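> What would the 3D arrangement of this be:
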Amino acid sequence: MTVAHLSLFQRDRDYHEVRVLLLVNAVVRAHPDPGHVDGLTQLAKLDFLLRYPKLAIRTLTTLRSDDPRLHLSSPDVQTPESPMRRHRYGPWDERYYTVVGALISRRLLKRGDGGRARITLAPTSAGVSTNEQAINAPPWRHVADRCSAIADAAGNLNGNRLSLLIREHLPEIDIYGIGEEIR
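Okay, the predicted model is just below:
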């Protein structure tokens with residue numbers, strides 16, 4: 001895929017679905033106990049760190065800038081691949097409801113209620129299989145690597161803890177107005 005076509009690809013909902021599926025799978029693989037993403041807040045904050053790997057390094061003290069899984073020299077890291085917006089509780093993307101709903105309806109993720117949040121998300125066997133196919137496809141290798149790094153460093157932190165870390169280590173996010181894109 002050429003760089004010229006990358007921006008079109010990243011605006012497509014399928015792109016966001018695969019990225020979220022990769023992230024949920026990485027969290028479950030890195031932290032089999034509890035074996036799920038605990039709510040949309042945790043998902044949103046982990047996804048923020050995934051999309052903004054340079055900010056992830058500043059936020060997560062266990063994540064190192066020389067971690068090759070972050071691919072920090074890659075051109076797609078210079079600007080966020082798909083900017084998030086500032087909302088009341090930090091970075092958010094309005095697509096989460098439709099993306100997560102689509103993944104559940106296509107039986108790639110399953111919804112549970114065994115965690116601290118109202119819903120939990122875990123991959124189904126079809127979701128694990130689709131994840132493996134994506135990991136082996138060239139356009140997804142860097143994203144899958146970043147998912148792994150973020151999941152290892154923060155997949156065990158709940159959404160509230162991640163929100164506090166983001167506020168503590170990235171105070172400049174507060175300069176953005178509510179609903180404004182974070183750059």
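> quick one, helices of this structure?
3-11, 13-30, 39-51, 53-59, 96-105, 125-135, 141-154, 159-169 (DSSP state H).
> can you redo those as JSON lines with distance to residue 78 and mean pLDDT?
Backbone N, C-alpha and C define where each C-beta goes, glycine included. Putting these into JSON lines (distance: least, CB to CB, whole Å; pLDDT from 0 to 100) gives the following:
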{"stretch": "helix 3-11", "distance to residue 78": "11", "mean pLDDT": "45"}
{"stretch": "helix 13-30", "distance to residue 78": "18", "mean pLDDT": "95"}
{"stretch": "helix 39-51", "distance to residue 78": "13", "mean pLDDT": "95"}
{"stretch": "helix 53-59", "distance to residue 78": "9", "mean pLDDT": "95"}
{"stretch": "helix 96-105", "distance to residue 78": "24", "mean pLDDT": "95"}
{"stretch": "helix 125-135", "distance to residue 78": "23", "mean pLDDT": "97"}
{"stretch": "helix 141-154", "distance to residue 78": "13", "mean pLDDT": "97"}
{"stretch": "helix 159-169", "distance to residue 78": "20", "mean pLDDT": "94"}
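> any chance of the ones you listed in JSON lines, with mean neighbour count and distance to residue 65 too?
Listed next are those as JSON lines, based on neighbours: other CB atoms under 10 Å; distance: least, CB to CB, whole Å:
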{"stretch": "helix 3-11", "mean neighbour count": "11", "distance to residue 65": "24"}
{"stretch": "helix 13-30", "mean neighbour count": "22", "distance to residue 65": "20"}
{"stretch": "helix 39-51", "mean neighbour count": "23", "distance to residue 65": "14"}
{"stretch": "helix 53-59", "mean neighbour count": "19", "distance to residue 65": "5"}
{"stretch": "helix 96-105", "mean neighbour count": "16", "distance to residue 65": "28"}
{"stretch": "helix 125-135", "mean neighbour count": "16", "distance to residue 65": "23"}
{"stretch": "helix 141-154", "mean neighbour count": "22", "distance to residue 65": "11"}
{"stretch": "helix 159-169", "mean neighbour count": "17", "distance to residue 65": "14"}
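> Let me have those in a markdown table, extended by distance to residue 115.
A markdown table is the format used below for those (distance: least, CB to CB, whole Å):
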| stretch | distance to residue 115 |
| --- | --- |
| helix 3-11 | 30 |
| helix 13-30 | 12 |
| helix 39-51 | 7 |
| helix 53-59 | 22 |
| helix 96-105 | 15 |
| helix 125-135 | 17 |
| helix 141-154 | 16 |
| helix 159-169 | 10 |
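> wait, which of the ones you listed is closest to residue 90?
For the helices of the chain, proximity to residue 90 was assessed by CB to CB; helix 159-169 is nearest, at 4.9 Å.
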